[in-house]
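Chemist: Got a predicted model here, sequence first, then my questions.
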Amino acid sequence: MESFVETIKVLDGQFCNLEAHERRARRTVEAIWGKSLAWEVGKMIIPVEMCSGLVKCRVVYDWVVREVSFQPYAMRQIKSLRLVDGDKVDYRYKSTDRSMFIRLMEQRGECDDVLIVRDGWVTDTSFTNVVFEDVVGGLYTPDTYLLEGTRRQSLLDVGKIQACPIRVEDIGHFQRVLLVNAMIGLEDEISVPVVNIMK
């Protein structure tokens, strides 16, 4: 049976953006099974040893929550990206099945990660949404994303970034691309200069 996952940031013993993760999980269960999800994650006791620093909470569910785990989180350093064709990738729901990303990652060569392209439009990396920064500091995220990320949406909601169509040929108009997901914010500065995005 297919299962899905929410990855939730826990900082110094506090869940971050929990409501957005709950909303997405509930939407997923409603869309796939037509059921309502019993979600009690916010009431969970975080293990004492996970109450300081940056921790990843992983919630696996189908129509009920099956597993909740906590582990310390270390930022990955991403210095280069390879453009890859992901026309067959459908990741509108955050599935535990990441086999399509594993296959795409096999094409990255010497690069640290992939930047997935569908029909010429830029989408996401294998594990983040992307935000392009132009020379005057404007921040733009592709409206052709694979996954509606909770961090991406919260940045859109507060007006820090704007969504627009970005084609492969538009990449050269920007300075760098910042990577964002539930665990990584703009302030973490995980970014790649556009000259390090390889074809």
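Modeler: Thanks, I have it.
Chemist: What lies in contact with the top helix by length along the chain?
Modeler: Counting by DSSP state H, the longest helix found in the chain is helix 18-33. Here helix 18-33 makes contact (Cβ atoms under 8 Å, 6 or more residues apart in numbering) with 2, 4, 6, 8, 35-37, 39, 41-42, 59, 61-63, 93-94, 148, 150, 153-154, 182. For the C-beta atoms, the positions are set from N, CA and C on the backbone; glycine is no exception.
Chemist: how much space is there between Gln107 and Arg26?
Modeler: Using Cβ to Cβ, to the nearest Å, Gln107 is found at 35 Å from Arg26.
Chemist: quick one: contacts for Ser154?
Modeler: Going by Cβ under 8 Å, 6+ apart, Ser154 touches Asn17, Ala20.
Chemist: Helix, strand, or coil at it?
Modeler: Following DSSP: H, G, I helix; E, B strand; the rest coil, we place Ser154 in the helix state.
Chemist: Distance of it relative to Glu67?
Modeler: Taken as Cβ to Cβ, the span from Ser154 to Glu67 is 25 Å.
Chemist: cool, and Glu30?
Modeler: Taking Cβ to Cβ, one finds Glu30 at 21 Å from Glu67.
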